[in-house]
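Novice: Quick one, structure for this:
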Amino acid sequence: MAAATRSTTHLLRARPALPRSRRPSTLHDFTLAELEGWLVERGQPRYRARQLFHWAYQQLALDYQAMTVLPKPLRAELAQTLPLTTLTLVREVSTDDGETQKFLFRTFDGQHVETVLMFYPDRTTVCVSCQIGCAVGCAFCATGMTGLIRNLSAGEMVSQVVFAARWARERGRPLTNVVVMGMGEPFQNYDATRKMVAILHEPAGMNFGARRITLSTSGLVPFIDRLAEEPYQVKLAVSLHAPNDELRSRLVPLNRRYPVAELLAACRRYVARTGRRLSFEYTLIKGVNDQDETAEELARLLRGLLCHVNLIPLNPTPAEPSFERPSPERIERFAEILRRHGISTTVRYSRGVEIAAACGQLRADQERQAFDAGPPGEAE
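Specialist: Residues are numbered from 1 along each chain as shown. Predicted structure coming up:
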């Protein structure tokens, strides 16, 4: 099965992405200032941009025809020249308790991207993808099996948030948090990710507080420093997974370029510059990085740093079939060692294991189905 999966994903990697010049622009790609300029160039008053932002991001309108404040000719022109989004929902799955919902979208060029919506008692969080595939290649990640196909545009990321916000609102739950922890490495698509934050943060639109947005990175040190200088006070999560270079290089190949000492130094600079606590994501894998001595080493590494550790018991994927989730006792033992050393720690079990909610799993399943069906016209 693993061999068949990798053969399929190898073919997927060969599928070409369209050049940037051929990627259609959508309303979700524009900042307010950009939309004002776009409308003025077409002879429209500047204030129409604020009306559009209100309807698109506060009313969460499905289409331009719902934006009744706009003249009918303008609505018709916008529908022809500037679609709201180019994402099409192709699959939707839910956990039995309804607390986790996963969406699979098809992009304009026939790729697939995943979004996960999670309901908690005190918040509603959408997990957004920033790339199709990923170049980092973490050993336990299903997304990395395909390699990187292309970056998502800011509009494609914004569209995921808008869809999730509308879906949640229809069920009486406002969207409260955005985490960019889905498919891809946000810092390898930094400019588009930053623009997404700006669009969501716009007061005339969704007015989403930057502190309710979390960006996750596998450890691109220069961009941690760059984020520290940004005006948007987003939260930072670092995917650590190991306290030393030997083990982390095995799990996160990027560590060979930015080793643990260099990564932690950047994290300390980030906290010193921003005053904001950062989070470390630590996927617990049975017999690999869950031993008592590893927990002790991790506690020493993080001592004195304003941080929180999220321990995430492995959600098994085809990426590495030999990796397994530790027992509940081992998970709690690891967490207790960290807490005993004064490290703020939470065990965060993966949501939606039964619906393949780990990054890249639903997309890979969809692509395998297409692969098994053969080229169009082949099946009778």
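Novice: Mean confidence (pLDDT) on stretch 302-310, please.
Specialist: Stretch 302-310 carries an average pLDDT of 98.
Novice: all strands of the protein, in order?
Specialist: Shown for the chain, the strands assigned by DSSP state E span residues 88-94, 100-106, 112-119, 124-127, 131-133, 148-151, 177-180, 213-217, 235-239, 278-284, 307-313, 345-347.
Novice: residues in contact with Arg23?
Specialist: Listed by Cβ atoms under 8 Å, 6 or more residues apart in numbering, the contact set of Arg23 reads 108-109, 153. C-beta coordinates here come from the backbone N, C-alpha and C atoms, glycine included.
Novice: Of these - the most surrounded one?
Specialist: Neighbour count (other Cβ atoms under 10 Å) singles out Ser153 as the most crowded of these, with 24 neighbours.
Novice: returning to that earlier point: is it possible to get a markdown table of the strands of the chain that adds distance to Phe334?
Specialist: Output for the strands of the chain, formatted as a markdown table (distance: least, Cβ to Cβ, whole Å):
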| stretch | distance to Phe334 |
| --- | --- |
| strand 88-94 | 30 |
| strand 100-106 | 24 |
| strand 112-119 | 23 |
| strand 124-127 | 24 |
| strand 131-133 | 30 |
| strand 148-151 | 32 |
| strand 177-180 | 23 |
| strand 213-217 | 21 |
| strand 235-239 | 17 |
| strand 278-284 | 6 |
| strand 307-313 | 6 |
| strand 345-347 | 9 |
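Novice: Could you provide the ones you listed in JSON lines, with additional columns for distance to Leu62 and mean neighbour count?
Specialist: Converted to JSON lines, these look like this (distance: least, Cβ to Cβ, whole Å; neighbours: other Cβ atoms under 10 Å):
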{"stretch": "strand 88-94", "distance to Leu62": "12", "mean neighbour count": "13"}
{"stretch": "strand 100-106", "distance to Leu62": "15", "mean neighbour count": "21"}
{"stretch": "strand 112-119", "distance to Leu62": "17", "mean neighbour count": "24"}
{"stretch": "strand 124-127", "distance to Leu62": "18", "mean neighbour count": "23"}
{"stretch": "strand 131-133", "distance to Leu62": "25", "mean neighbour count": "25"}
{"stretch": "strand 148-151", "distance to Leu62": "26", "mean neighbour count": "21"}
{"stretch": "strand 177-180", "distance to Leu62": "20", "mean neighbour count": "22"}
{"stretch": "strand 213-217", "distance to Leu62": "24", "mean neighbour count": "23"}
{"stretch": "strand 235-239", "distance to Leu62": "30", "mean neighbour count": "21"}
{"stretch": "strand 278-284", "distance to Leu62": "35", "mean neighbour count": "22"}
{"stretch": "strand 307-313", "distance to Leu62": "35", "mean neighbour count": "20"}
{"stretch": "strand 345-347", "distance to Leu62": "37", "mean neighbour count": "17"}
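Novice: who wins for proximity to Arg330 among those?
Specialist: Between Arg330 and the strands of the chain, the tightest spacing by Cβ to Cβ is seen for strand 278-284, at 7.8 Å.
Novice: Given the closest one, what are its sheet partners and their directions?
Specialist: When pairing is defined by DSSP bridges, strand 278-284 lines up against strand 235-239 (parallel), strand 307-313 (parallel).
Novice: picking up where we left off before, can you add pLDDT and distance to Arg123 and give the contacts of Arg23 back as CSV?
Specialist: Below are the contacts of Arg23 laid out as CSV (pLDDT from 0 to 100; distance: Cβ to Cβ, whole Å):
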residue, pLDDT, distance to Arg123
Phe108, 96, 32
Asp109, 96, 34
Ser153, 98, 27
